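Chemist: What would the 3D arrangement of this be:
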Amino acid sequence: MKLDIFTLFPEAFDWFAGQRSVQNAIREGNELRLITVEEVLYIQADNKYTLVVTPDKDSLIRRPIKELIDELDPQVFWQIHRSTLVNVNAIAGVHRDIGGHLRVRVKGRKETLAVSESYHGLFKQM
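Modeler: Below you'll find the predicted structure:
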């Protein structure tokens, strides 16, 4: 049986994950991956988890998106839906779908992100 420091001392992971000034700790199995906030393309609520999307990997974390909204810089991470934050620097474009709803294209990704009507005002300046 292979144990890591975070299995033996779960509080160490909690402390380490709490150091968010420059980077975030994402636990994947027995591995701890560090990502900088600048690497994050978007963040999306996914049931009891939150999906953090970077150019090379998607990761699930056990933190509610509400906590992240309160901690991230609102000038860099725009909330575009009650369940979605997008890094402004990762926005490739905005378009309307066939139903007339706004969608955000993210650099380097095929998927688009829905924009709730209450957040349309963010894109008037673009």
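Chemist: Which residues does V94 form beta bridges with?
Modeler: Here V94 shows beta-bridge partners V104, assigned using DSSP bridges.
Chemist: Surely it touches H101?
Modeler: No: if you go by C-beta atoms under 8 Å, V94 and H101 don't touch, sitting 11.0 Å apart. Placement of C-beta: from N, CA and C, glycine included.
Chemist: list residues touching both of these two?
Modeler: Both V94 and H101 are contacted by V115, under the criterion C-beta atoms under 8 Å, 6 or more residues apart in numbering.
Chemist: Those two: which has the busier surroundings?
Modeler: V94 (17 against 13; other C-beta atoms under 10 Å).
Chemist: so for stretch 112-124, what's the average pLDDT?
Modeler: Averaged across stretch 112-124, pLDDT comes to 90.
Chemist: who touches it?
Modeler: The set of residues external to stretch 112-124 that reach it, using C-beta under 8 Å, 6+ apart, is 42, 44, 78-82, 84, 86, 94-95, 97, 101-106.
Chemist: List the buried residues for it?
Modeler: The neighbour-count check on stretch 112-124 (16 or more other C-beta atoms under 10 Å) flags 112-113, 115, 119, 122 as buried.
Chemist: Repeat that for stretch 82-100.
Modeler: 83-87, 90-91, 94.
Chemist: Quick check: end-to-end length of it?
Modeler: 19 Å (C-alpha to C-alpha, to the nearest Å).
Chemist: So what's the gap between that stretch and the chain middle?
Modeler: Centroid separation for stretch 82-100 versus its chain: 13 Å, with C-alpha atoms, centre = their mean, to the nearest Å.
Chemist: Kindly report the same for stretch 68-78.
Modeler: Remark: stretch 68-78 is offset 10 Å from the chain centroid, using C-alpha atoms, centre = their mean.
Chemist: That one: end-to-end distance?
Modeler: The first and last residues of stretch 68-78 sit 11 Å apart, counting by C-alpha to C-alpha.
Chemist: now what about it, what contacts it?
Modeler: Residues outside stretch 68-78 that contact it (C-beta under 8 Å, 6+ apart) are 20, 37, 40, 43, 50, 79, 85-89, 119, 122.
Chemist: Spatially central residue in the protein, please.
Modeler: Against the mean C-alpha coordinate of the chain, by C-alpha atoms, centre = their mean, the closest residue is I43 at 2.1 Å.
Chemist: That's all I had, so thanks and see you.
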